[in-house]
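**Student:** Predicted coordinates and the sequence they were generated for:
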Amino acid sequence: MTKVSIIIPAYNEAATIIELLQKVSSQTVQGFELETIVVDDGSRDQTVELLRRHPDLYTILVERNTNGGKGAAVIDGLNKATGEYILFQDADLEYDPDDYAGLLAPISRFDADVVMGSRMIASPITRVSYFWHKVGNRLITLIFNVLNNTTFTDVYSCYLVYRRSLVGADQLRSKGWEQHAEILTLAVSRCKRIYEVPISYYGRTYEDGKKIRAHHIFGVIVTMITTAFRSGRS
């Protein structure tokens with residue numbers, strides 16, 4: 001059995017966290033053992049209380065006293081992870097755990113080191129949302145591919161799976177939205193087998209609680225460039 005640590009950062013996700021964890025806990029993928037690590041990032045709603053009432057839905061709960069941002073929560077989750085692979089899962093319902101089997105298939109079939117879930121390649125279901133988000137994502141993906149000589153179609157999908165030995169928590173410098181770019185850049189620079197698979201996407205609106213904004217793109221691009229040079233890829 002190959003163990004996969006699912007890291008779920010959560011901040012004020014009382015409306016969705018239990019339904020999301022029920023979907024995660026119902027997943028069974030042949031040949032894989034799933035470890036679920038939830039990191040509450042100082043939520044001010046009922047997220048922590050709900051999590052404490054349902055310990056059967058996760059393996060480990062990390063409670064942060066203050067809000068440090070998604071990146072800080074990810075680092076805490078990585079420090080608790082024991083799986084051979086890491087899989088990131090947002091605490092809302094934008095991404096569907098039913099896609100886990102597809103995400104893990106390249107690992108069982110081809111011993112993949114990195115697997116990215118893409119909303120851009122024949123996704124079964126994708127909610128139509130913001131035009132400029134898609135433009136920004138295409139720009140970020142293009143820059144990443146140029147810097148790293150890759151052919152990704154969607155580098156800022158939440159669903160990133162990678163071999164844990166490729167990137168340790170102590171190697172990460174970012175704690176904001178740009179951390180995802182740092183992790184992917186480091187993982188790609190150190191691995192041999194990279195795959196991309198289609199996933200469904202049920203994007204939230206800002207009214208639903210969507211948090212990422214247009215200005216985050218600048219930090220992401222800077223991080224991609226600096227990490228690429230740091231990893232010796234460019």
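**Tutor:** Ah, there it is. Residues are numbered from 1 along each chain as shown.

**Student:** Which helix in this structure has the most residues?
**Tutor:** helix 131-148 (DSSP state H).

**Student:** Give me the buried positions along the one helix or strand residue 226 maps to.
**Tutor:** Assigning secondary structure by DSSP states H and E places residue 226 in helix 216-231. For helix 216-231, a neighbour-count test (16 or more other CB atoms under 10 Å) marks 216-217, 220-221, 223-228, 231 as buried. From N, CA and C alone the C-beta is placed, and that goes for glycine too.

**Student:** tell me what that helix is packed against?
**Tutor:** helix 131-148, helix 179-190 (3 or more CB pairs under 8 Å, 6 or more residues apart in numbering; DSSP states H and E).

**Student:** right, and these - which one's nearest residue 30?
**Tutor:** Nearest of these to residue 30, taken as CB to CB: helix 179-190 at 24.8 Å.

**Student:** Give me the average confidence score over the closest one.
**Tutor:** The average pLDDT for helix 179-190 rounds to 97.

**Student:** what's the spacing between the helix or strand just after it and its chain's center?
**Tutor:** Helices and strands here follow DSSP H and E; after helix 179-190, the next one along the chain is strand 194-198. Chain-centre distance of strand 194-198: 14 Å, with CA atoms, centre = their mean, to the nearest Å.

**Student:** Strand 194-198 versus helix 131-148: what angle between them?
**Tutor:** Between strand 194-198 and helix 131-148, the angle comes out at 160 degrees (axes from the mean of the first three to the mean of the last three CA atoms, to 10 degrees).

**Student:** Which positions in strand 194-198 come out as buried?
**Tutor:** 194-198.

**Student:** Check stretch 94-107 too.
**Tutor:** 94-97, 99-100, 102-107.

**Student:** What of stretch 112-131?
**Tutor:** 112-120, 123.
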